[in-house]
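A predicted structure for the sequence below; I have some questions about it.
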Amino acid sequence: DAGVIQSPRHEVTEMGQEVTLRCKPISGHDYLFWYRQTMMRGLELLIYFNNNVPIDDSGMPEDRFSAKMPNASFSTLKIQPSEPRDSAVYFCASGSLGDTQYFGPGTRLTVL
Amino acid sequence: AQSVTQPDIHITVSEGASLELRCNYSYGATPYLFWYVQSPGQGLQLLLKYFSGDTLVQGIKGFEAEFKRSQSSFNLRKPSVHWSDAAEYFCAVGARGGADGLTFGKGTHLIIQP
């Protein structure tokens, strides 16, 4: 398996623009997670899905953030409008009950 | 609420010396515990995990960790470090392994001296 795939790897945008991050989980995993990593807050869970259904979105910072999982092989995290404080590395991970979470390479987002 | 504390922000070790990275957790039940490693600009790679059973777990790259329930600790060890071990190390706890969001420590930055 190719592992968790994220795109783009790097994104530079201007404040106010819409940003869409993409994730393809490992085939067969029924859980998908979005994390954000910053120097100040470290790694924090934003939202996770089970069988394409959002289970816990309490970590989503604001209404500007939204996430979807239209099918078992694809998820998006959208920020609209983006702000400089959203600059971070965003990780997608997938896993199964009682198993390990496998992380993607991350998307480094810079909002100018 | 669960939490993870990694008391050491930075650790410097000479190449060939032994290593121990500390991790303390707070969790109400038997936890799922993980150690991940992150090289600069890279994602998180799993080193090892503890779910149940033997409290001494072996991982990749010669790492091991010991779960001590009485001390709420899950310290990572390696008998002899290599320059390629320089990275950021994260301890994490979760309720159901791959089926629950993980809570991470702040990480320990490992520096290897020649």
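Sure thing, it's come through. Residues are numbered from 1 along each chain as shown, chains lettered A, B, ... in the order given.

most centrally placed residue in chain B?
residue B:35 (3.4 Å; CA atoms, centre = their mean).

just the element for that residue, please.
strand B:32-38 (DSSP states H and E).

can you list the strands that that strand pairs with?
Applying DSSP bridges, strand B:32-38 is found paired with strand B:44-50 (antiparallel), strand B:87-94 (antiparallel).

would JSON lines of those strands with distance to residue B:5, mean neighbour count and mean pLDDT be doable?
Backbone N, C-alpha and C define where each C-beta goes, glycine included. Listed next are the strands paired with strand B:32-38 as JSON lines, based on distance: least, CB to CB, whole Å; neighbours: other CB atoms under 10 Å in any protein chain shown; pLDDT from 0 to 100:
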{"stretch": "strand B:44-50", "distance to residue B:5": "17", "mean neighbour count": "20", "mean pLDDT": "94"}
{"stretch": "strand B:87-94", "distance to residue B:5": "9", "mean neighbour count": "23", "mean pLDDT": "95"}
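
just give me the neighbour total for residue 30.
Chain wasn't specified; assuming chain A. The local packing of residue A:30 (other CB atoms under 10 Å in any protein chain shown) involves 16 other residues.

wrong one, I was asking about chain B
Residue B:30 has 12 nearby residues by other CB under 10 Å.

got it, and residue A:70?
9.

that one touches residue A:52, doesn't it?
Yes. With contacts counted by CB atoms under 8 Å, residue A:70 reaches residue A:52, the gap being 7.3 Å.

assign residue B:84 to helix, strand or coil.
helix (DSSP: H, G, I helix; E, B strand; the rest coil).

how far away is the closest residue to the residue nearest to the centre of chain B other than its chain neighbours from chain A?
Nearest non-adjacent residue to residue B:35, counting by CB to CB, 6 or more residues apart in numbering or on different chains: residue B:47, 4.4 Å away. Between residue B:47 and chain A the computed distance is 11 Å (CB to the nearest CB, to the nearest Å).

okay, now the closest residue to chain B within chain A: neighbour count?
Closest to chain B within chain A is residue A:95: 2.3 Å, counting by CB to the nearest CB. For residue A:95, the count of nearby residues is 26 (other CB under 10 Å).

and it, how far from residue A:14?
Look at residue A:95 and residue A:14: by CB to CB, to the nearest Å, they are 35 Å apart.

got the contact list for the residue located most distally from the centre of chain B?
Ranking residues of chain B by C-alpha distance from their mean position (CA atoms, centre = their mean) puts residue B:114 at the top, at 23.0 Å. Shown in contact with residue B:114 (CB atoms under 8 Å, 6 or more residues apart in numbering or on different chains): B:14-15, B:83.

hmm, 7 Å instead?
Neighbouring residues of residue B:114 by CB atoms under 7 Å, 6 or more residues apart in numbering or on different chains: residue B:15.

ditto for residue A:89
Contacts of residue A:89 (CB under 7 Å, 6+ apart): A:37, A:106-108.

which strand residues bridge it?
For residue A:89, the beta-bridge partners are residue A:37, residue A:108 (DSSP bridges).

how far away is it from residue B:26?
The span separating residue A:89 from residue B:26 equals 26 Å under the rule CB to CB.

need the residues of chain B near chain A, please.
Proximity of chain B to chain A is confined to B:42-44, B:46, B:49, B:51, B:90, B:96-99, B:101-102, B:104, B:106-107 under the rule CB under 7 Å from any CB of the partner chain.
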